[in-house]
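Asker: Structural data only, the sequence is not supplied:
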């Protein structure tokens with residue numbers, strides 16, 4: 001269960017680099033000053049394409065924290081299940097697809113579908129873990 005966790009952390013680092021690659025040139029191009037950066041919505045004055053990777057990076061610091069905690073709990077508890085591994089990797093894949101959609105063309109319907117699908121997979125991963133820990137079924 002450590003491999004999917006490391007994969008999603010590595011992907012988060014990719015998104016962090018992507019954020020800077022897109023945002024820094026836009027900050028220079030639009031001559032955003034330090035006082036502008038202190039304003040709450042200064043980044044929103046940039047073109048959306050410069051903001052999308054940053055928005056996604058923020059998303060990767062939200063719900064995936066539950067994934068990290070759950071996977072580390074599974075690992076520490078010593079649960080070995082191909083189903084858990086499959087669900088963990090599926091969650092990572094869906095989050096990567098979500099990131100690519102959000103950082104490139106940011107189609108809200110597709111992005112929302114990826115979010116709902118990954119949330120469902122995370123829910124299944126949680127339920128499967130509860131079933132195994134409490135010997136239910």
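Answerer: Okay, I see it. Bear in mind the structure is a predicted one, so any value in this text is a computation, not a measurement. Numbering: from 1, shown residues only.
Asker: what's the next secondary structure element after the lowest-mean-pLDDT helix or strand in the chain?
Answerer: Using mean pLDDT, DSSP states H and E, helix 34-38 stands out as the lowest-scoring helix or strand of the chain, at a mean of 67. Elements were assigned by DSSP states H and E; along the chain past helix 34-38, the next helix or strand is helix 48-60.
Asker: If you count neighbours, what's buried in that next one?
Answerer: 50, 51, 52, 53, 54, 56, 57, 59, 60 (16 or more other Cβ atoms under 10 Å). (Each C-beta comes from the backbone N, C-alpha and C, glycine too.)
Asker: what's the distance between the residue lying closest to the fifth one once chain neighbours are set aside and residue 59?
Answerer: Which is residue 54. Nearest non-adjacent residue to residue 54, counting by Cβ to Cβ, 6 or more residues apart in numbering: residue 19, 4.8 Å away. Distance, residue 19 to residue 59, by Cβ to Cβ, to the nearest Å: 12 Å.
Asker: Same check on residue 23?
Answerer: Taken as Cβ to Cβ, the span from residue 23 to residue 59 is 16 Å.
Asker: same deal with residue 26?
Answerer: As for residue 26, its distance to residue 59 is 19 Å (criterion: Cβ to Cβ).
Asker: how about the helices in this protein?
Answerer: Ranges of helices in the chain, per DSSP state H, are 2-29, 34-38, 48-60, 64-77, 82-104, 108-133.
Asker: and the ones you listed, which one is worst for confidence?
Answerer: Within those, the stretch with the lowest mean pLDDT is helix 34-38, showing a mean of 67.
Asker: who's in contact with residue 55?
Answerer: Neighbour list for residue 55: residue 102 [criterion: Cβ atoms under 8 Å, 6 or more residues apart in numbering].
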